[in-house]
Structure formats: C-alpha cells, structure tokens
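**Q** here's a sequence, model it:
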Amino acid sequence: MSARRSTPGKKTRMSKNSRPAIREKGLLSPLTVRPLTDGRFEILVGQRRYLACKLVPLDPVPCLIREGLSDTDAISLSLIENVHRADMHSIDKAKALQALYAKHGSYEGVAKESACSIATIRRYLKLLELPPILQDRIGTAKGPSGISALSRLASTFSGDEAVAAYHEISGFTQRVQEEILKRCDGDLERLDELVEEAQEGVFDIRRCGVASGCQLVRDIVQGRLSEAEFSSMIRAATPGNDGAASTTTMLRDAATSL
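**A** Prediction:
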C-alpha cells in the first residue's frame, strides 16, 4: 500500500514488541486512511502500525477508509491520535494541542475533540512559552502531571529569568518547585530566599485538606506556634468542648465533624 503521512514529525521509533505481535496475531486495530486524487491513500491514524506491518511484512494492511474529509479534518484526526500517545514528547504534544486550538479558537473546543481537560490543555500550551533551551530539556516521560511545575515556571518567568529560575529549583520535587514558584510572585530575589527555605526542609510537609491547616503545621514545625497556643486554637474551634479534653481528642472530634 502506498501511503504518506498527513503531518510532519520526528523519526518514528518502533516498539520491540510490535512486530512479533503483528506477525502472530495480525493487525488488531486497522489504520485510518483517506483516498487521494492520485489513487494512493494518506494515513491519518496508525503511522507506526503501518511501519511495523512493512517490517513483518504484512500485506495487505487492514484499513478504515474515510472519504470526504477536508484537509483540516484530516490533520485534526491525526493530531488527536498523537495527543494520546504515551511516548509522545511533551513539546510535540503541546504543538498538536496548539494546532487544535488554532482550529477551534477555544479551549472548550479542543477539550471536546481531544478528550483532554481544559487545565491540561492550558498547561501544555504554556510550555511553548518557555525558552527553547528549556523546551529541549523536557523529556517524553513528563505527562500532564509531570509538566505542572514547568507550566507554572512559564507563567511566572520568561526569557533568561526563566532559565535562571529553572536552574535554582530543578533539584527539588515538582511539588516543592510549584510551591516556590507560587510564593515568589515572579521575583528572582524572593525565589532565592524560598530556595534556601526549601533546602532547610520547610516545604517537606504533605499537603493538608485545607491551606490554613498546612500553614498551622508549618508554624508548629518552625516554632512560630507553641503546643499550648495550638491547643487553645483547637478548643476555640471545637464547639461544645468542656475544656478538659485532650488535644488529640479534640482533633479527632473536629475531624469527624467535617
């Protein structure tokens, strides 16, 4: 079968397990193609499966033929398949989502067609605002959750400042990176202070159910709030306590009332 790709991309790498599976069981999921005016077919979905079939070899290759598709719809179909590939580079995925956004003109339209959440789409598109040197450092292993800190970095800094901030925070976990970026408010000097605090373990605390609870834990750990003051706060916040109950009892009662 003569075919060509609908969109340009990087060299395709084949899975080591794909060829034996196709040789033994055939192609379980057919390609999606559309006819061209010269008698050939253009692959819209399944380029990697087609390459695997050529290596087996498998001929003919099962295909679903989609007729009457416009160029825009054909490209959109190909992009949607790529968006959901687990091994797709995060920047390539961002560019695919950007192309879908150009087509629809809204996050809602992209979300409906790609089955990605609007929050995920926004995070990926933010990656395209990073300097090229940082985009090159993003690997294929970073999924929607793995790009959160980089997306926040792009929202907080730009250009050389983004590169400087990246080098400052790159050694921390993603959660700590996000916390530092959120608190620095785009100020590199403040970021330096927060990095020092992070190195001292200030942010090495699990997230609580509410932001105020997390702050209380930090205040206790850092000695800004004594146990007696904490107990007084719990008594004041626990309705109907008799003043004699232990802090542990009051915390348990308060938690069960939420």
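**Q** so which elements touch the longest helix seen in the chain?
**A** Longest helix of the chain, by residue count under DSSP state H: helix 90-104. For helix 90-104, the elements it packs on are helix 71-83, helix 107-114, helix 118-127, judged by 3 or more CB pairs under 8 Å, 6 or more residues apart in numbering; DSSP states H and E. C-betas here are computed from N, CA, C, even on glycine.
**Q** what angle do the longest one and helix 107-114 make?
**A** Right, helix 71-83. Here helix 71-83 points in a direction 70 degrees away from that of helix 107-114 (axes from the mean of the first three to the mean of the last three CA atoms, to 10 degrees).
**Q** name the residues of helix 71-83 that are buried.
**A** Within helix 71-83, the residues scored as buried using 16 or more other CB atoms under 10 Å are 74-83.
**Q** relative to helix 118-127, how tilted is it?
**A** Going by the same axes, to 10 degrees, helix 71-83 is angled at 100 degrees with respect to helix 118-127.
**Q** what sits up against the helix or strand hosting I133?
**A** Here I133, judged by DSSP states H and E, is contained in helix 132-135. The set of residues external to helix 132-135 that reach it, using CB atoms under 8 Å, 6 or more residues apart in numbering, is 91, 127-128, 150, 153, 162-163, 166.
**Q** format those residues as JSON lines; extra columns: neighbour count, pLDDT and distance to L188.
**A** Shown next, in JSON lines, are the contacts of helix 132-135 (neighbours: other CB atoms under 10 Å; pLDDT from 0 to 100; distance: CB to CB, whole Å):
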{"residue": "I91", "neighbour count": "21", "pLDDT": "90", "distance to L188": "25"}
{"residue": "L127", "neighbour count": "23", "pLDDT": "95", "distance to L188": "21"}
{"residue": "L128", "neighbour count": "13", "pLDDT": "95", "distance to L188": "22"}
{"residue": "L150", "neighbour count": "26", "pLDDT": "93", "distance to L188": "17"}
{"residue": "L153", "neighbour count": "27", "pLDDT": "95", "distance to L188": "12"}
{"residue": "A162", "neighbour count": "19", "pLDDT": "96", "distance to L188": "10"}
{"residue": "V163", "neighbour count": "17", "pLDDT": "96", "distance to L188": "11"}
{"residue": "Y166", "neighbour count": "19", "pLDDT": "94", "distance to L188": "12"}
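**Q** closest one to G105 out of those, please.
**A** L128 (16.9 Å; CB to CB).
**Q** count the neighbours of the closest residue to the closest one other than its chain neighbours for me.
**A** Spatial nearest neighbour of L128, excluding adjacent residues (CB to CB, 6 or more residues apart in numbering): A94 at 5.2 Å. For A94, the neighbour count with other CB atoms under 10 Å is 25.
**Q** for A94, give me its contacts.
**A** By CB under 8 Å, 6+ apart, the neighbours of A94 are 124-125, 127-128.
**Q** so the nearest residue to L194 once chain neighbours are set aside, which of the three states?
**A** Of all residues not flanking L194 in the chain, I180 sits nearest, at 4.5 Å (CB to CB, 6+ apart). At I180 the chain is in helix, as set by DSSP: H, G, I helix; E, B strand; the rest coil.
**Q** I180 touches F203, doesn't it?
**A** Yes: applying CB atoms under 8 Å, one finds I180 in contact with F203, separated by 7.4 Å.
**Q** could you report the pLDDT at A52?
**A** Per-residue confidence (pLDDT) for A52: 84.
**Q** what's the burial count for S106?
**A** The number of residues packed near S106 is 10, by other CB under 10 Å.
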